[in-house]
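Let me see the structure of the following:
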Amino acid sequence: LGEGRWARTPLRGPDFVPLAEHLTGHNPRGAFTAVSTGTWSTAHALPTGILESCAAGLALAWQIEHNGAWRWEIGEDTAGGYLALSGPTDADAAWTHVLSPAETFTSVPVTVAFAPDATGAVSALTDHRRATRRPHPDNAAMPVVFNDYMNTLDGDPTTEKLLPLIRAAAEVGAEVFCIDAGWYDDSGHWWDSVGEWMPSTTRFPGGLGEVIDAIHAEGMVAGLWLEPEVIGIRSALADRLPAEAFLQRHGERVVEHDRFHLDLRHPAARAHLDGVVDRLVTDFGLGFFKMDYNINPGPGTDVDADSVGDGLLGHNRAVLEWLDGVLDRHPTLVIENCSSGAMRMDYAMLSRLAMQSTSDQQDFVKYPPIAAAAPMAILPEQAASWAYPQPEMDAEEASFCLVTGLLGRFYVSGHLNRMTPAQRHRVAGAIAVAKELRGEIAASHPHWPLDLPRWDDPWVALGLRLPAADLVSIWRRGDEASTALSFPHLVGHDVEVTPVFPLDLPSWHTEWDATTGTLHVRAGDARISARTLRLSAGPVPVDEGARTGSD
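Numbers count the residues shown, from 1 in each chain. Below you'll find the model as predicted:
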């Protein structure tokens, strides 16, 4: 619920005091570290960071591209400073792997990008992320997705509830309609019984196919929520699959939050999941899956492994192989990486999957820092920050929600069917703008005109730099009516500021200072409000003296 809370910290501070270790000849025992254990690769920290030296004019950014345990470490020894990047370790994740003289081992991949400053290093990582994504039509198409879950059906879909939403989503211009959790549930208590993924007969009296057909009839791609790697402890499938198809420790299947966890190294586990995906795609003509992942089974499995961490690494890699196989068989299938609200937001997964829901945060006022910080860790065009306007919101609040998703992969929810025509028209306007912007977003580089957001900042901003312009979304969250945004790359340029969204609300007052590259913004009366603007830069004005050739 609070992803992307970045901090900028001087290294030569309390963590790295000068120790004079050259006198003792011994390396210091401490270091600044970030660690992830288990299978939620981004549950506590990100496998991404930046080191920047303004004095040296150098920054380096890194990412560990692994969907399991990892460690990064910044330290100092008698030879100088160092940065160490790795996958699972023995001390952190109970990982050891024994090699005979003839064997080899390949570590998890990492990427390091260099630039003169932090923003440039993020831009270099952005280029790398684009260059190493699996080729897929969705990388450029970026269709607008409506999902029925967030602040809407909350995992309780029925035919009666869905049909009006489907009509409303099509009316506003959504291109994909995803039915979220609950579609497989007859009992109302599905958490510990999942695993077979068969459609409910009580929720859909005419069959799930009736609802899917309605989605297709409106010209939208149909999608379903799926949590493939778990089997509920009450599921009949738990007894039909062999014990070796599950993560185990000490001869017992691992139980986490009333679920067993499949071990995708085992052919029976993979065959089961392949059968589920292929059946749903074939039976219902699906083109979209939201793949969730709501448990962390711990350090791993001791079955067929040198250590529990070794077993988990094998499983992590098998997950990636399984996803590759799914996409090889279904090359146009779009898969969203959810993972309990961005708990597995790494580039082992995101090099393969189309988009990432950036959070499960349901308070729309708290979402902007998450949305603004997301492109530090993932591509802007993969960052699906929920836009969930509601009928009870006024025009400024609804626009605030819609702006939150606009400079990313547009991802819509909300009770559209209960809205007035004017309210739906606002949502349709935002979706139309998202479709116009998506090509630019997919070629942009992020920057932060108000610096990286802090959780309670009254003003938050995300900028996307384009070849000849900038897009910037700005959120106001409090009493302060004005702010100043920095665009150092536009110093000396004449800049034209035009509103992008919303267009039917009063424009904010802006003043451009070319000498400092500063955009001064004053909002209107609404304490909760947001705008997306375009800054179009003209050429740097030619100095009159230089133009006339004088000294």
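
Distance of Ala61 relative to Leu353?
Using Cβ to Cβ, to the nearest Å, Ala61 is found at 22 Å from Leu353. C-beta coordinates here come from the backbone N, C-alpha and C atoms, glycine included.

per-residue pLDDT, the nearest residue to Leu312 once chain neighbours are set aside?
Nearest residue to Leu312, sequence neighbours excluded (Cβ to Cβ, 6 or more residues apart in numbering): Gly300, at 2.9 Å. We have a pLDDT of 96 for Gly300.

How about the one 10 residues further on?
pLDDT, the model's per-residue confidence, is 97 for Asp310.

returning to what we had before: now the residue nearest to Leu312: which helix or strand?
Using DSSP states H and E, Gly300 maps to neither a helix nor a strand.

That one and Ala94 touch, don't they?
Yes: contact criterion Cβ atoms under 8 Å: Gly300 and Ala94 qualify, at 6.9 Å.

hey, what's in contact with both of the two?
307-309 (Cβ atoms under 8 Å, 6 or more residues apart in numbering).

among those residues, which are in helices?
If you go by DSSP state H, the shared contacts of Gly300 and Ala94 have 308-309 in helices.

Tell me the one among the shared contacts of Gly300 and Ala94 nearest to Gly341.
Comparing those against Gly341 with Cβ to Cβ places Gly309 closest, at 25.2 Å.

Make sure that closest one is actually in contact with Pro88.
Yes: using Cβ under 8 Å, Gly309 makes contact with Pro88 at a distance of 4.7 Å.

quick one, phi/psi of the residue nearest to Leu312?
Note on Gly300: backbone dihedrals following degrees, to the nearest 10 are phi 140, psi -150.

tally of neighbours for it?
31 (other Cβ atoms under 10 Å).

what's the answer for the one 3 residues further on, then?
The tally of other residues near Val303 (other Cβ under 10 Å) stands at 19.

gap between it and Phe114?
In terms of Cβ to Cβ, Val303 sits 42 Å off from Phe114.

Same question for Arg522.
Distance from Arg522 to Phe114, by Cβ to Cβ: 39 Å.

Each with direction, which strands does whichever strand or helix holds Leu535 pair with?
According to DSSP H and E, Leu535 maps onto strand 528-537. Using DSSP bridges, strand 528-537 pairs in its sheet with strand 469-477 (antiparallel), strand 495-501 (antiparallel).

Okay, domains of this structure per the record?
The chain breaks down by automatic domain parsing into domains covering 21-131, 138-443, 447-537.

What are the contacting residues of the strand holding Leu535?
365, 368, 396-397, 399-400, 403-404, 406-407, 433, 468-477, 487, 490, 493-502, 505, 507-508, 510, 519, 523.

Please repeat the previous calculation with a cut-off of 6 Å.
With contacts defined as Cβ atoms under 6 Å, 6 or more residues apart in numbering, strand 528-537 is touched by 396-397, 400, 403, 406, 469-476, 490, 493, 495-501, 508, 523.

chain center to that strand, what's the gap?
23 Å (Cα atoms, centre = their mean, to the nearest Å).

List the buried residues of that strand.
Neighbour counts using 16 or more other Cβ atoms under 10 Å place 528-535, 537 of strand 528-537 among the buried residues.

can you tell me which of those residues lies nearest to Gly439?
Proximity of the buried residues of strand 528-537 to Gly439 (Cβ to Cβ) peaks at Arg534, which lies at 14.1 Å.

ok, Asp304 - contacts?
So Asp304 contacts nothing (Cβ under 6 Å, 6+ apart).

Please tell me how far it sits from Gly38.
Distance from Asp304 to Gly38, by Cβ to Cβ: 19 Å.

Please apply the same query to Gly81.
From Gly81 to Gly38 the distance is 30 Å (Cβ to Cβ).

Just want to know which of the two has more residues nearby.
Between Gly81 and Gly38, Gly38 has the larger neighbour count (other Cβ under 10 Å), namely 21 against 11.

Contact partners for the more buried one?
296, 298 are the contacts of Gly38 under Cβ under 6 Å, 6+ apart.

Report the distance from stretch 3-14 to the chain centre.
21 Å.

I misspoke; the intended subject was stretch 348-360.
With Cα atoms, centre = their mean, you get 5 Å for stretch 348-360.

likewise stretch 327-337?
17 Å.

so how far is the first residue of stretch 504-516 from its last?
One end of stretch 504-516 sits 31 Å from the other (Cα to Cα, to the nearest Å).

er, stretch 191-207 actually
22 Å.

What residues sit buried inside it?
Result for stretch 191-207 [16+ other Cβ under 10 Å]: buried residues 191-195, 197, 199-200, 203-204.

Then stretch 508-523?
Per 16+ other Cβ under 10 Å, stretch 508-523 contains these buried residues: 508, 510, 512, 514, 517-519, 521, 523.

now the nearest residue to Val497 once chain neighbours are set aside, what's its secondary structure?
Of all residues not flanking Val497 in the chain, Thr510 sits nearest, at 4.7 Å (Cβ to Cβ, 6+ apart). Using DSSP: H, G, I helix; E, B strand; the rest coil, the structure places Thr510 in strand.

what sits against the residue found closest to Leu237 once you drop the neighbours it is linked to in the chain?
Closest residue to Leu237 apart from its sequence neighbours, by Cβ to Cβ, 6+ apart: Gly195 at 4.3 Å. Neighbour list for Gly195: 231-232, 235, 237 [criterion: Cβ under 6 Å, 6+ apart].

The stretch 251-400 of the chain: helices as residue ranges?
267-284, 308-329, 339-342, 368-373, 395-406 (DSSP state H, counting those that start in this stretch).

What's the separation between the closest residue to Met198 other than its chain neighbours and Asp304?
In space, and not counting its chain neighbours, Met198 is closest to Tyr184: 6.0 Å by Cβ to Cβ, 6+ apart. Separation of Tyr184 from Asp304 (Cβ to Cβ): 31 Å.

where does the protein dip in pLDDT?
541-551 (pLDDT under 70).

rerun at 80
15, 188, 539-551 (pLDDT under 80).

Report the buried residues of stretch 435-455.
Residues of stretch 435-455 classed as buried by neighbour count (16+ other Cβ under 10 Å): 437-438, 440-442, 444-450, 452-453.

Can I get that stretch in PDB? Just the C-alpha atoms.
The C-alpha trace of stretch 435-455 is given here as PDB (Å, rounded to 0.1, in the frame of the first residue of the first chain):
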ATOM      1  CA  LYS A 435      -4.800   6.600 -26.100                       C
ATOM      2  CA  GLU A 436      -3.300   9.700 -27.700                       C
ATOM      3  CA  LEU A 437      -0.400   9.700 -25.300                       C
ATOM      4  CA  ARG A 438       0.500   6.000 -25.200                       C
ATOM      5  CA  GLY A 439       2.900   6.200 -28.100                       C
ATOM      6  CA  GLU A 440       4.800   9.100 -26.500                       C
ATOM      7  CA  ILE A 441       4.800   7.400 -23.100                       C
ATOM      8  CA  ALA A 442       6.400   4.200 -24.600                       C
ATOM      9  CA  ALA A 443       9.400   6.300 -25.800                       C
ATOM     10  CA  SER A 444       9.700   8.700 -22.800                       C
ATOM     11  CA  HIS A 445      12.200   9.000 -20.000                       C
ATOM     12  CA  PRO A 446      11.000   9.900 -16.500                       C
ATOM     13  CA  HIS A 447      12.200  12.700 -14.300                       C
ATOM     14  CA  TRP A 448      10.900  14.400 -11.100                       C
ATOM     15  CA  PRO A 449      10.400  18.100 -11.300                       C
ATOM     16  CA  LEU A 450       9.700  18.300  -7.500                       C
ATOM     17  CA  ASP A 451      12.300  15.600  -6.700                       C
ATOM     18  CA  LEU A 452      11.200  12.100  -5.700                       C
ATOM     19  CA  PRO A 453       8.000  12.300  -3.800                       C
ATOM     20  CA  ARG A 454       7.700  11.800   0.000                       C
ATOM     21  CA  TRP A 455       4.600  10.100   1.300                       C
END
